[in-house]
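Undergrad: everything below, folded, please.
(2 chains)
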2 protein chains.
Amino acid sequence: MSVLPKSVEQVIEEFSRLPGVGPKSASRMAYHYIRSPNKDATKLASALNEMEENVKYCKHCFNVTDKEVCDICSSPLRKKSKLCVVEEPLDVVAFENSAVYDGLYFVLGGVISPAEGIGEEELRFKDLEKRVNELLGDTKEDEVEIEVIIATNPSLEGEATASYIIDLFKGLLKEGRVKITRLAMGLPTGADLEYADRLTLKRALEGRRGI
Amino acid sequence: MSVLPKSVEQVIEEFSRLPGVGPKSASRMAYHYIRSPNKDATKLASALNEMEENVKYCKHCFNVTDKEVCDICSSPLRKKSKLCVVEEPLDVVAFENSAVYDGLYFVLGGVISPAEGIGEEELRFKDLEKRVNELLGDTKEDEVEIEVIIATNPSLEGEATASYIIDLFKGLLKEGRVKITRLAMGLPTGADLEYADRLTLKRALEGRRGI
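TA: Numbering: from 1, shown residues only, chains lettered A, B, ... in the order given. Sure thing, here's the model as predicted:
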């Protein structure tokens, strides 16, 4: 005899698929919706359906959007000479929320991770090459016009992916047509030297600047 | 300019309403569904809708069910002489999963908590009295027939709620028609004496048994 109605078990099962959500939290979530007086479950359901219907990837940068070309790629205010390569759409959100960048993005869709079985083919390297060439197409032959800013995470996988991207543009780099940069590594604001790990300290030291 | 499509923002907003889910985790959850290749969002949506449509409270015990009377209350195998009073439906699940109890349940719907503005009126004390009288109705006048097992959580609020229940049945207790018991308190299996808190130790000592 099952204690729970089947429909509740199904909701729990679906919630359990979420990353970082175990069966206990999934049950708590389902019960939250059972107890909620204002039809929150229905609201979430229709929000999910609407998302599933409307959300697609921008054909230029592969960020999530509800248009063919996302607002950032189609904005005349964004500099077409900078392309910030990130792992995930949430990284774009992080940059945009801090309002520190005025160029374009490219969302790889992850990082090379042999441990998780994610190789080069799973990521959008071909599309990245195509995008850079597209952007170069608008510029004169003998100018450095595109700066590719590699903004993968400072993890092992992020580093491997960064190396792969550098390799990808070796030719264009030699020709002087692209410039490749990486985000600075060092101490984050508010950090405590005492608790910084060895690698962070090493990089903070390597990247030290004169005043 | 908003970075995210409106439909994604709506899903994130709905997820953020869940207890213990902050805006970051809510975003991660939404992106999980955007990335999922097999229409997981639609599956969750229809599971939620189905739950919203089908789930109701058992008219006897107020556990969640998809019938008028839940499987436990209608089972001929369950002892009608024991009524275990719990706070939430998830507590019933915990008991049932451990298969240690063969009586009936009653789900209060929470605990008395002045801090959260939950008074006696918000809980199902009236229904509890009614249910106990219903069960007594089937028995002879001069028998102790119902054992009310108080299984609220060992928290301050749980204790206060337990006292309230004891008060509720003072009359029937005097008449010898109900028996009231509480779950034993003490050390949980696998616990380390060294890390047990003062109150747990105190209760473990109070409840010690001869061998």
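Undergrad: show me which residues of the helix of greatest length in chain A are buried.
TA: Among the segments of chain A that qualify as a helix by DSSP state H, the longest is helix A:40-54. Across helix A:40-54, burial judged by 16 or more other CB atoms under 10 Å in any protein chain shown covers A:40-52. C-betas here are computed from N, CA, C, even on glycine.
Undergrad: same check on stretch A:98-114?
TA: A:101, A:103-113.
Undergrad: that older thread, packing partners of the longest helix of chain A?
TA: Contacts defined by 3 or more CB pairs under 8 Å, 6 or more residues apart in numbering or on different chains; DSSP states H and E place helix A:40-54 against helix A:23-35, helix B:6-16, helix B:23-35, helix B:40-54.
Undergrad: quick check: mean pLDDT across the next helix or strand after the longest one?
TA: Where DSSP states H and E defines the elements, the next helix or strand beyond helix B:40-54 is strand B:56-57. Averaging pLDDT along strand B:56-57 yields 92.
Undergrad: for stretch A:153-167, same thing?
TA: 91.
Undergrad: any chance of the buried residues of helix A:40-54 in CSV, plus pLDDT?
TA: Converted to CSV, the buried residues of helix A:40-54 look like this (pLDDT from 0 to 100):
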residue, pLDDT
A:Asp40, 87
A:Ala41, 90
A:Thr42, 91
A:Lys43, 92
A:Leu44, 92
A:Ala45, 93
A:Ser46, 92
A:Ala47, 92
A:Leu48, 93
A:Asn49, 93
A:Glu50, 92
A:Met51, 92
A:Glu52, 89
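Undergrad: can you list the residues you listed in CSV and add distance to A:Val85?
TA: As requested, the buried residues of helix A:40-54 are exported to CSV (distance: CB to CB, whole Å):
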residue, distance to A:Val85
A:Asp40, 38
A:Ala41, 39
A:Thr42, 39
A:Lys43, 36
A:Leu44, 33
A:Ala45, 35
A:Ser46, 35
A:Ala47, 30
A:Leu48, 30
A:Asn49, 32
A:Glu50, 30
A:Met51, 25
A:Glu52, 27
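Undergrad: helices along chain A, start to end?
TA: Under the criterion DSSP H, chain A carries helices at the ranges A:6-16, A:23-35, A:40-54, A:71-74, A:89-98, A:125-137, A:156-168, A:170-174, A:198-206.
Undergrad: so is the second one next to chain B?
TA: Yes: figure legend: helix A:23-35 in contact with chain B (CB under 8 Å from any CB of the partner chain); contacting residues A:25, A:27-34.
Undergrad: could I get those residues as JSON lines with pLDDT and neighbour count?
TA: Listed next are the residues of helix A:23-35 next to chain B as JSON lines, based on pLDDT from 0 to 100; neighbours: other CB atoms under 10 Å in any protein chain shown:
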{"residue": "A:Ser25", "pLDDT": "90", "neighbour count": "18"}
{"residue": "A:Ser27", "pLDDT": "90", "neighbour count": "21"}
{"residue": "A:Arg28", "pLDDT": "90", "neighbour count": "19"}
{"residue": "A:Met29", "pLDDT": "92", "neighbour count": "23"}
{"residue": "A:Ala30", "pLDDT": "92", "neighbour count": "29"}
{"residue": "A:Tyr31", "pLDDT": "90", "neighbour count": "19"}
{"residue": "A:His32", "pLDDT": "90", "neighbour count": "16"}
{"residue": "A:Tyr33", "pLDDT": "91", "neighbour count": "24"}
{"residue": "A:Ile34", "pLDDT": "89", "neighbour count": "19"}
